[in-house]
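A.B. asks: Got a predicted structure plus its sequence, pasted below:
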Amino acid sequence: MTERYAMNMLKIVAVPMHKEGRKFVAIFAAVTLLLGLIWEPLFWLGVGATVWCYYFFRDPVRVIPQQEGLVISPADGVVSLIEDVTPAADLGLGDAPLTRVSVFMNVFNCHVNRAPVAGTVTNVVYHHGKFLNASLDKASEHNERNSVTIETAQGVRIGVVQIAGLVARRIVCFVKEGDTLSAGHRFGLIRFGSRLDIYLPLGVLPLVSVGQTAVAGETILADILNPDQSRPGLPE
C-alpha cells in the first residue's frame, strides 16, 4: 500500500518536461543562483519560480480515446465559450456558422497542445495580432493566433486555433501542411496563458458545457458519428 502510494506520488511530481521548456528552466535556474549571491531569501523565491517554470512545461502521458469519430480536447483548461460562429476564412471550413468550443488555459495548466482528431494537416496559417485577455470572445478575431485545419480519412475537416493571451507572447506549432497526425499527437504549445478554439463540423453538437474542465488528449468534445447528441446541461 505504501509503495503503491509512493509510486503514484512520484508520477504526479516527476512529470516529464517538454523540450521547449529546457532553456527557460535553465534561465530561471541561472537567475536563481545569481539571486542567491545577493540575498538568501531571493534564492528561495527563485527556486519556487524555477519549479513553477518546470511545471508549466510539463508534458504528461495521456490515455487517448481510440473510438472512431471522437473529437478530443486539444488543450488542458476550462471550456470558456460555446457558440455558433462563421469560421475564419484561412481555416477553409466554408461560410456556414459552425459550433466553436473554446478552452481557456491559465498559467498553471499544461500548455502542450494535442491534435483533436487523426488526419492530414491541410492548412497552417499564422496571424500577428493583439494580446487581449484570451477569455474574451473578440480574442478569436483580434489576438495573435495560429490556425490549423485537419482532415480525417473520411473527409471531415476540424479547425483548431491557438490564440495568444495577455501573458502569452509565443505560439509554437510543430506541424506543417501535409503532415499526418494521430489523435492526441502533440502539434504545438503556447507559452504562459492562452486559449484554443475548436470548430466542429456542421451539425455536430458538443458533448461538453461551459465551465467544464478539459484534459488535452482525453476529454471528448464531440462525436462525429453521432452528431445530434444533446449538449450536457442544456434543454433539448
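C.D. replies: Yep, that arrived. Numbering: from 1, shown residues only.

A.B. asks: Would you map the helices across this protein?
C.D. replies: Here the chain has its helices, by DSSP state H, at 2-13, 22-38, 40-56, 139-142.

A.B. asks: since we're on P41, how many residues are nearby?
C.D. replies: Residues lying near P41 (other Cβ atoms under 10 Å) number 10. Backbone N, C-alpha and C define where each C-beta goes, glycine included.

A.B. asks: brain fart, E151
C.D. replies: E151 has 16 neighbouring residues, counting by other Cβ under 10 Å.

A.B. asks: What pLDDT is listed against it?
C.D. replies: Confidence at E151, expressed as pLDDT, is 97.

A.B. asks: where in the chain is pLDDT low?
C.D. replies: In the predicted model of the chain, residues 1-14, 17-18, 21, 129-142, 165-169, 192-193, 228-236 satisfy pLDDT under 70.

A.B. asks: mind listing what the most centrally placed residue in it touches?
C.D. replies: Nearest residue to the geometric centre of the chain (Cα atoms, centre = their mean): A75, 2.5 Å. The contact partners of A75, by Cβ atoms under 8 Å, 6 or more residues apart in numbering, come to V103, M105, N109, H111, N113, R114, R195, L196, A214, A216.

A.B. asks: Nearest spatial neighbour of the third one, chain-adjacent residues omitted?
C.D. replies: Of all residues beyond its chain neighbours, the one nearest N109 is D76 (4.3 Å), with distances taken as Cβ to Cβ, 6 or more residues apart in numbering.

A.B. asks: Can you tell me how far that neighbour is from Q67?
C.D. replies: Spatial separation of D76 from Q67 under the definition Cβ to Cβ, to the nearest Å is 21 Å.

A.B. asks: In the chain, what residue spans correspond to strands?
C.D. replies: Read by DSSP state E, the chain holds these strands, from start to end of the chain: 70-72, 77-85, 98-105, 112-114, 119-127, 145-151, 157-164, 171-173, 180-181, 186-190, 194-199, 213-214, 220-223.
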